[in-house]
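> build me a model from this:
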Amino acid sequence: MASPIRIISSMATKQVLADLIALYRQAHPDTVIELESVGGVDAAKRVQAGEAFDIVALASNAVAQLTTDGKVMAGSTVDVVHSGVALAVRRGAPHPDITSEAAVKQAVLAARTLGYSTGPSGVQLAKLFERWGIAEQIKDRIVTAPPGVPVGSLVAQGEVELGFQQLSELMSLEGIDVLGPLPAQIQIITTFSAGLATASTQPEAVRALLAFLVSPATGPTKQRNGMEAAG
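The predicted structure is shown next:
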């Protein structure tokens, strides 16, 4: 019997990958696939440390770095989804206007506490606050979610008044109201990619799965998870 295909991913793609794996297994019922989703930084560290996986699914820049470092096979990477950032408040809380850049800035300045992830979107948000000239003013209000902990869960618990995170991570959480995506002029799009880990002992099976992850049949599943196909 073939070994399971082991995938490590960041939390942002946990649900979409789980749904895509279920779809793949309808046509390949004998293929065993194990998905582990953790904070993206931790995932990259584990791959760098030599832990054996078959597929690495992370933000495209992280996969590119792992490829440079010889942990992901050069030429094997596929771009799976584009993922945007949305805003959320605790269920039942007032909904601030977020329909324009100026409105989002005002909502940020009015919030007692703010939360965003340690992932790529969080880095870009920090740069946005710098560009707006408010980084110093709000720095003591920022609550950084620990790796692997959804910002939305801190919003639901009342620890964060205004939360920013990938829509895919917010849309399935209880106890929050998703206000909607960031307006287009300041939207932060992260591309998530997947590649064949050099530690894999079953490259043919992995390449078949990677090809499926970017096939047209996967488009509706990606949209249901708040993402767009990257291919």
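> show residues contacting stretch 213-231.
Contacts with stretch 213-231, where a contact means Cβ atoms under 8 Å, 6 or more residues apart in numbering, come from 15-16, 19-20, 23, 78-84, 86, 166-168, 170-171, 191-194, 212. (Glycine included, C-beta is placed from N, CA and C.)
> restricted to strands, list the residues you listed.
V78, D79, V80, V81, H82, S83, A86, Q166, T191, F192, S193, A194 (DSSP state E).
> contacts only, for the fourth one.
Applying Cβ under 8 Å, 6+ apart, one finds that V81 lies in contact with T13, V16, T191, F192, K222, N225, M227, E228, A229, A230.
> what is the residue nearest to it when sequence neighbours are not counted paired to in the beta sheet?
In space, and not counting its chain neighbours, V81 is closest to M227: 4.1 Å by Cβ to Cβ, 6 or more residues apart in numbering. Beta bridges link M227 to S83, judged by DSSP bridges.
> could you tell me how many residues sit around M227?
Using other Cβ atoms under 10 Å, M227 has 24 other residues around it.
> can you start the count at 534 instead of 1 from here on
That works, and once the first residue is 534, the last one we named lands at M760.
> mind checking pLDDT for it?
Note for M760: predicted pLDDT of 96.
> now the two most distant members of the contacts of V614.
T724 and N758 (14.9 Å; Cβ to Cβ).
> which one of these two has more residues nearby?
Set T724 next to N758 and count neighbours by other Cβ under 10 Å: N758 wins out with 24 against 16.
> for R674, see how far away the nearest residue to the more buried one once chain neighbours are set aside is.
Nearest residue to N758, sequence neighbours excluded (Cβ to Cβ, 6+ apart): V549, at 4.0 Å. V549 sits at a distance of 31 Å from R674 (criterion: Cβ to Cβ, to the nearest Å).
> now swap in S733 and tell me
Going from S733 to R674 by Cβ to Cβ gives 44 Å.
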